[in-house]
Every structure is written in structure tokens, then in C-alpha cells.
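fold the following, please.
(chains A, B, C and D)
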4 protein chains.
Amino acid sequence: MTSSADSDVTRTAHQRLIQRLREFADARDWEQFHSPKNLSMALIVEAAELVEHFQWLTEQQSLRLPEEKLAAVEQELADIFIYLVRIADRLGVDLIDAAWRKIEINERKYPAAKVRGNAGKSSDF
Amino acid sequence: MTSSADSDVTRTAHQRLIQRLREFADARDWEQFHSPKNLSMALIVEAAELVEHFQWLTEQQSLRLPEEKLAAVEQELADIFIYLVRIADRLGVDLIDAAWRKIEINERKYPAAKVRGNAGKSSDF
Amino acid sequence: MTSSADSDVTRTAHQRLIQRLREFADARDWEQFHSPKNLSMALIVEAAELVEHFQWLTEQQSLRLPEEKLAAVEQELADIFIYLVRIADRLGVDLIDAAWRKIEINERKYPAAKVRGNAGKSSDF
Amino acid sequence: MTSSADSDVTRTAHQRLIQRLREFADARDWEQFHSPKNLSMALIVEAAELVEHFQWLTEQQSLRLPEEKLAAVEQELADIFIYLVRIADRLGVDLIDAAWRKIEINERKYPAAKVRGNAGKSSDF
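Predicted coordinates for the structure are as follows:
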């Protein structure tokens, strides 16, 4: 498993981001608002701000964003990441380990040989 | 700036996650579906699956999830993270740098002294 | 079935709303952007703007909104309704009939005697 | 104003839908869960289930759904409508009046002559 080695290295850096966001919330007395329920709402609001940038674009246009729009999209991605790290922290979830575990699950759920070129639901295979 | 040092260390580990997800999509010939537009839709769908776990819970209940539910929530967080990493990769955005930069912006937007204990919009301050 | 009688009466009025929204899009040459895919994105963006109003409120606070906030929420509800009517129109779906049919399905899926006071998933019953 | 006449006719039929949904919730003792906050979460979850049907489709494909998929999409539209009617009811908002008012606002915000063929933000005009 390659994920363990990654996690050792990343955990230190990732832990600093977690810590920074804790301090940010704490300095504002915002921990009281940061229940996982509320944070999941905040996260989906940020996800929708990302979607808003793409709603009237073609798929091709969404791959070649003008510089100004890309800068705005980058901030939305950051907002989503920040809330994601916060929720994981509040629930005691290790986000990086969880991602590597989910990739293993997806590997079994969507066997490359079966789903090749077909983006349906796993239940279709 | 502490973020630069973090980024050096993290970039290697984070880069491996990016690479793994590229290979996953490539092995399934899914790059054709992974426009930022489509990925933003997939991301918000996963965000909604997270919200669904919390929709009828009180805030207090959302902080103390039963083990089985926590395991399910962990997978939703992983799904969100995976799509977030994919979109950032497709757009050439460095997610970790973007997060640290956004924290600096938020620091100025929500001065601790002014917003303490008040979770309103920045425009309210 | 009470729904049929309702539908006869409502269809005329509802049809005028559908017609008004068609003309609005047509006058702006926006039909080209109004694929169900794009409209579903626009709808979820409006749904998120509704969620944003409630994300840091308690459930009790969400029931007693200040007048100004209620006026803003009302506009979000209207936006959601407008996009919902548009998608249904583009897909040839009769929204009112669909709602009455779904209520019948829910009636069987969530038998009152079994689910009373319990807001879980139907699969839990 | 054509909306007033519509509202008179529609209000009776629409009122029956509102009443039916109240009874449905009441028979299950679900009013306790139906705060606007929680209902906004339920609504966006249903909106995401709609988005999920379209996420990997092209815009053209989303306009020509296979019969089985269209039937599933119809149920998602119904679910969104049901929660929308519920929230409006809990907040004392008249959804139909709100929609007609919002159309008037949009008419001023997006003057046909200026925005023709351009689906940007109102702030771009």
C-alpha cells in the first residue's frame, strides 16, 4: 500500500492546515456554529458557487477558462477544501486516508475492463 | 509564510494522489467525461449525499454520529475530496496553495475583533 | 382522485406561467442555453442560495425570519420555482400531476403507522 | 397584471396541494423535523439527485432522455416541487405570487435588448 507512506509525510503538512483553520474559527468564537450539520450546508453552498461558474458554459469552455474566471474558480475550490478539512476535523476523519481507501473501493466497484468508456452508475455494471 | 514550506513537503504526497486519480480515470477512458463542468456536477452530488446524512439531525446529533453512520459520512467526504482534487488537476490549480491564500483573504475579510461570535456575511461587518 | 380536478383548473394558470417563462427565454435567445443539464445546474445554484440563508441559523431561528431576510428568501424560492417550471417544460413533464403521483408513492413508501415521529430513510422501515 | 387573475384561480388548486402535504407530515408527526433549515437541506438533496441524472450526459442527450430515465427524472422534479411547496408553506410565502414578482424583477435586471444571446451575470450588463 502506497498510501501509508504518503500519509506519514502528508499528515504533518495537512495537520498544519487543520490547525490553522481551528485557530481561525477559535479566534472568532465560531466553533459554536461549526457543527458538521452547518458545515455541510456551508460546503454545498461553496460547491454551488463553483457550479455557477460553469452552468452556461459548454464542456469545452469549462476546460479553457479566461484568466479572471480561473482566479475566481480557484477561490471557490479553496473554499470547498477549507470546509471539507473543517468537517473532517470536527468528525475526527483523516481525509487523506479516507481518499485512498475510497479509491480502493472504487477500483473494485468500477472494474476498468467492464466500465471502459462508459460513465454510468456502478449498479449498471 | 508557513504555507511555502508546507507546500514543498505536501506537494510530493498530494501529487501522488493527483497521479493516482489520473490513472484511475485514464484506465477507464473517463477523461472524456471529466470536464470541469461535469466534475463540478459530480462534486455537488457528493456534497448533497453528505448533507443528506445530516438533514433531519440536530446540530448536536451531527457531532456524535453512530459508528456506522460515521463510516458512511467518511466515504462521502472522501468522494468530495476525490472530485475536488480531479477538478483542480484538470484546471491546473494547486489546491493547497489556493487554500492558504484563501485563508489570508478570509483573515482580512473577517477581522477577528469585529466578527467575534457572529457568523454573518462579510458584507454585514 | 382529487388531483385530476385540480389539474384541470390549475393547468390553465400553470400553463400561463410556463408560457411566460418561454417568452422570457425566447426574447433573450436563451433557449440555446436552457438544456435540462444546464437548467439543473442553475436550479441547484438557486437551492444553495436558499441554504445559505439558513446555514448558521438554528432551526428555531429559521422559522422566525426577520422581515428583510424573509423577503430575500422569498426571492430564492421564486428562483427555484422558475427553474423547476422551465426544466419540466423542456422535458414535457406535468409538474402538478407528477407531484400528486409522487405523494401517492410516498404514502406507500412511508406508512404513517410505521414511521410516526421518525424521519429516517424509507429503507430503515 | 395577468398574475392576479391567475393567482385567484390557482390559489384554490395550489392550496389543496399545500393542505395535502401538511396532512402527510402531520399524520407522520414530521412537522417537528420540517424547519425551513432542514427543508432547505432536503430540497437541495433532491436537486442534486436531479443533477446526478445529467452529470455525464451531453446537453443534447439531456434533451432526449430514454423513457425509463425520464420517468426517474419526473420523480425528482416532483420531490423538489414537494419540498419547495412545504418550505413556502412553513414560511407563509405564496409561491405563485413570488414567481410572478420575480419575473418582473428579472425583466428589469436582464433587458432583452442588452442580454440577447448572452447568458452572463446581470452584473455583466
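
can you count the residues close to residue A:60?
9 (other CB atoms under 10 Å in any protein chain shown). C-beta coordinates here come from the backbone N, C-alpha and C atoms, glycine included.

isn't it right up against residue B:37?
No. Checked against CB atoms under 8 Å, the pair residue A:60 and residue B:37 is beyond contact range at 9.0 Å.

so where's chain A shaky on pLDDT?
Scanning chain A for pLDDT under 70 picks out the ranges A:1-11, A:120-125.

helices of that one, start to end?
A:2-27, A:36-54, A:59-63, A:67-91, A:95-109, A:112-115 (DSSP state H).

of those helices, which is nearest residue B:70?
Between residue B:70 and the helices of chain A, the tightest spacing by CB to CB is seen for helix A:67-91, at 6.6 Å.

helices or strands up against that closest one?
Judged by 3 or more CB pairs under 8 Å, 6 or more residues apart in numbering or on different chains; DSSP states H and E, helix A:67-91 is in contact with helix A:2-27, helix A:36-54, helix A:95-109, helix B:36-54, helix B:67-91, helix B:95-109.

switch to 7 Å and redo it
The contact analysis (3 or more CB pairs under 7 Å, 6 or more residues apart in numbering or on different chains; DSSP states H and E) places helix A:67-91 against helix A:2-27, helix A:36-54, helix A:95-109, helix B:67-91, helix B:95-109.

pull the residues that contact the fourth one.
Here helix B:67-91 makes contact (CB atoms under 7 Å, 6 or more residues apart in numbering or on different chains) with A:63, A:65, A:70, A:73, A:77, A:80-81, A:84, A:87-88, A:91, A:93, A:95, A:98-99, A:101-102, B:17-18, B:21-22, B:34, B:36, B:39-40, B:42-43, B:46-47, B:49-50, B:53, B:65, B:95.

write the PyMOL selection for whichever of those are buried.
Restricted to buried positions by 16 or more other CB atoms under 10 Å in any protein chain shown, the PyMOL selection for the contacts of helix B:67-91 reads:
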select buried, (chain A and resi 65+73+77+80+81+84+87+88+91+93+95+98+99+101+102) or (chain B and resi 17+18+21+22+34+36+39+40+42+43+46+47+49+50+53+65+95)
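
write out the residues of chain A neighbouring chain C.
Residues of chain A lying close to chain C by CB under 7 Å from any CB of the partner chain are A:33, A:38, A:41, A:42, A:44, A:45, A:48, A:51, A:52, A:54, A:55, A:56.

surely the third one meets residue C:57?
Okay, so that is residue A:41. No. The pair residue A:41 / residue C:57 is not scored as a contact, 9.8 Å apart, by CB atoms under 7 Å.

who has more neighbours out of those two?
Between residue A:41 and residue C:57, counting by other CB under 10 Å, residue A:41 is the more crowded of the two (27 against 20).

name the nearest residue to that one, ignoring sequence neighbours.
residue C:55 (4.0 Å; CB to CB, 6 or more residues apart in numbering or on different chains).

ok, now which ones touch the one you found?
Shown in contact with residue C:55 (CB under 7 Å, 6+ apart): A:38, A:41, A:42, A:45.

centre-most residue in chain A?
The residue lying closest to the centre of chain A (CA atoms, centre = their mean) is residue A:81, at 5.1 Å.

burial of the residue nearest to residue A:49 when sequence neighbours are not counted, as a residue count?
Nearest-residue entry for residue A:49: residue A:76, 4.9 Å, with adjacent residues in sequence omitted and distances by CB to CB, 6+ apart. Counted with other CB under 10 Å, residues neighbouring residue A:76 total 22.

how close does residue A:76 sit to chain D?
As judged by CB to the nearest CB, to the nearest Å, residue A:76 and chain D stand 15 Å apart.
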